[in-house]
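Colleague: Okay, sequence plus prediction incoming.
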Amino acid sequence: MREELVEQVLYRIEHERQLKAARIRLFVSVLSFFGLLILAVPTWQMTRTDIINSGFGQQFNLMFYDFRNILNYWQDFSVGLMEELPVLSVVQFLAVLAGLVFALKVIFKNGKVFIKYEI
Amino acid sequence: MKFNFEGKHFWRILIGLGTIIILLLVFQLGMYIGFRKANFSYRWGENYHKTFGGPSISMIDNFQGRDLVNGHGITGIVAKVENGAIIMKDPNGVEKILNITPQTLLKRGSDTITITDVKIDDRLVVVGSPKNDGTIDAEIIRDFYGKN
């Protein structure tokens, strides 16, 4: 009986410790998620503007209008596309996207712990 | 000491090696593109920078590669048409000379046009091959926008 009581107490301590940690992680990840979501809008607009201004979008469209001719000059076309790609803009948008996905993963993982221990 | 080929350490080493290989290949590709861009920029700069002006040279533009001139893919407006060549101005304000050869394909919509149909302020998209004198042999020129 005494052993059962010790086990129950230890279990409860562990339960509360996990719950506290899950609460903190959940709070931080929800905050990060919404922050990144707000940041995603101007980042996407900046990336879109850079793609249009760099000429990458128009060059890319050539593939749909002159596909057979592009095949004849595929090397110059490929290098031209890579020259015009606004790498930094795309990287920053992808970084925000990766942050959003990671924040979502942490929310789901800790949400499960929270629900499991609270119910 | 035995090495477990089925353990998670083995997979971590394999993934680590694969990541390094991919990064090195991407780095090599970057060097290839960067060299070609720098090479054309140098040739262009030798002949045209002082006359036509060049791209901006702020630190941020340098890091983004905007201090170099594209030689293979050009998008811009026509500044001048003369003597079998088209002078185009790209969005950065850099002027480039496109040589129109017998192999150059000029298109507007589904129509094939000639250099005489190209007018100043037309907006063109070009695929070309840079030459050693800083000009570009145009291979495909397309006018997406029709008459301005």
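Modeller: Happy to help now that I have it.

Colleague: okay, CA-based contacts and neighbour counts for the rest of this
Modeller: Fine.

Colleague: can you count the residues close to A:Gly57?
Modeller: Using other Cα atoms under 10 Å in any protein chain shown, A:Gly57 has 17 neighbouring residues.

Colleague: That one: what's it in contact with?
Modeller: Contacts for A:Gly57 were tallied using Cα atoms under 8 Å, 6 or more residues apart in numbering or on different chains; they are A:Ile51.

Colleague: helix/strand/coil for it?
Modeller: With DSSP: H, G, I helix; E, B strand; the rest coil as the basis, A:Gly57 sits in helix.

Colleague: For B:Thr75, see how far away it is.
Modeller: According to Cα to Cα, to the nearest Å, A:Gly57 and B:Thr75 sit 10 Å apart.

Colleague: cool, and A:Phe34?
Modeller: A:Phe34 is 38 Å from B:Thr75, by Cα to Cα.

Colleague: So between these two, which is more surrounded?
Modeller: Here A:Phe34 and B:Thr75 are compared on neighbour count by other Cα under 10 Å; more neighbours surround B:Thr75, at 25 against 13.

Colleague: Would you mind finding the longest helix in the chain?
Modeller: Went with chain A since none was named. helix A:2-54 (DSSP state H).

Colleague: Chain B is the one I meant
Modeller: helix B:8-52.

Colleague: same for it, what does it pack against?
Modeller: Packing partners of helix B:8-52 (3 or more Cα pairs under 8 Å, 6 or more residues apart in numbering or on different chains; DSSP states H and E): helix A:74-84.

Colleague: pLDDT (mean, whole number) over the following helix or strand past the helix it packs on?
Modeller: Downstream of helix A:74-84, the next assigned helix or strand under DSSP states H and E is helix A:87-118. What helix A:87-118 shows for mean pLDDT is 85.

Colleague: Is helix A:87-118 positioned near chain B?
Modeller: Yes: looking at helix A:87-118 against chain B by Cα under 8 Å from any Cα of the partner chain, the contacts come from A:87-88.

Colleague: Report the backbone C-alpha coordinates of stretch A:75-91 in CSV.
Modeller: In CSV, the C-alpha atoms belonging to stretch A:75-91 read as follows (Å, rounded to 0.1, in the frame of the first residue of the first chain):
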residue,chain,number,x,y,z
GLN,A,75,21.6,25.6,-71.8
ASP,A,76,21.4,29.3,-72.3
PHE,A,77,17.8,29.3,-71.1
SER,A,78,18.7,27.4,-68.0
VAL,A,79,21.6,29.6,-67.2
GLY,A,80,19.5,32.7,-67.9
LEU,A,81,16.8,31.5,-65.5
MET,A,82,19.4,30.8,-62.7
GLU,A,83,21.0,34.2,-63.3
GLU,A,84,17.7,36.0,-62.8
LEU,A,85,16.4,34.0,-59.9
PRO,A,86,16.2,36.3,-56.8
VAL,A,87,17.8,33.8,-54.5
LEU,A,88,17.8,35.8,-51.3
SER,A,89,14.1,36.7,-51.5
VAL,A,90,13.1,33.1,-52.2
VAL,A,91,15.3,31.9,-49.3
